[in-house]
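A.B. asks: Here is my input, please return the structure:
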Amino acid sequence: MTAPKSDSAAIRQTVRALREAGWKLDGVWDGEESEPATNEDQAVELVTSLESAHLYVSKDGKGAWVYFVLGNDPEEVVAEHTLNLSYVIDRLLADWLWS
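C.D. replies: Below is the predicted model of the structure:
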């Protein structure tokens, strides 16, 4: 994938990569409360409405999350993630770096 030009593009690419890897979207947590997000548009809309947010996903009974911080350069919007998502996120970030 090419490097994103905006925060929302980076979030959308991340959500797509997770879904393509079989992860199910569960919700977005803003630090105080959680909102369900079961499709790409919901997830992107909820995350981009905040300064920072966790996107929760699940697969095969296991949970994981990606922490987004908006306002960074688009290729830096993914600030943290659980280790079980490394095989998806690290590849995505490498694609952004080398595109």
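
A.B. asks: Which residues outside the strand or helix carrying Asp90 are in contact with it?
C.D. replies: Following DSSP states H and E, one finds Asp90 within helix 86-98. The contact list for helix 86-98 (C-beta atoms under 8 Å, 6 or more residues apart in numbering) reads 1-4, 10, 13-14, 17-18, 21, 23, 66, 75, 78, 81. For the C-beta atoms, the positions are set from N, CA and C on the backbone; glycine is no exception.

A.B. asks: Show the residue spans covered by the helices in this structure.
C.D. replies: With helices called from DSSP state H, the chain shows them at 7-20, 40-48, 86-98.

A.B. asks: Nearest to Lys59, out of those?
C.D. replies: helix 7-20 (8.8 Å; C-beta to C-beta).

A.B. asks: name the helices or strands packed onto that closest one?
C.D. replies: On a contact count with 3 or more C-beta pairs under 8 Å, 6 or more residues apart in numbering; DSSP states H and E, helix 7-20 meets strand 24-29, helix 40-48, strand 52-59, strand 62-69, helix 86-98.

A.B. asks: so what strands line up beside the shortest one?
C.D. replies: Strand 24-29 has the following sheet partners, assigned by DSSP bridges: strand 34-36 (antiparallel), strand 52-59 (antiparallel).

A.B. asks: Same list as before, those that is, but in TSV and with mean neighbour count and distance to Ala43 included.
C.D. replies: Listed next are the strands paired with strand 24-29 as TSV, based on neighbours: other C-beta atoms under 10 Å; distance: least, C-beta to C-beta, whole Å:
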stretch	mean neighbour count	distance to Ala43
strand 34-36	14	10
strand 52-59	20	6
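
A.B. asks: could the ones you listed go into CSV alongside mean pLDDT and distance to Gly71?
C.D. replies: Putting the strands paired with strand 24-29 into CSV (pLDDT from 0 to 100; distance: least, C-beta to C-beta, whole Å) gives the following:
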stretch, mean pLDDT, distance to Gly71
strand 34-36, 96, 20
strand 52-59, 98, 9
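
A.B. asks: Tabulate the ones you listed (CSV), appending distance to Leu92.
C.D. replies: Shown next, in CSV, are the strands paired with strand 24-29 (distance: least, C-beta to C-beta, whole Å):
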stretch, distance to Leu92
strand 34-36, 24
strand 52-59, 13
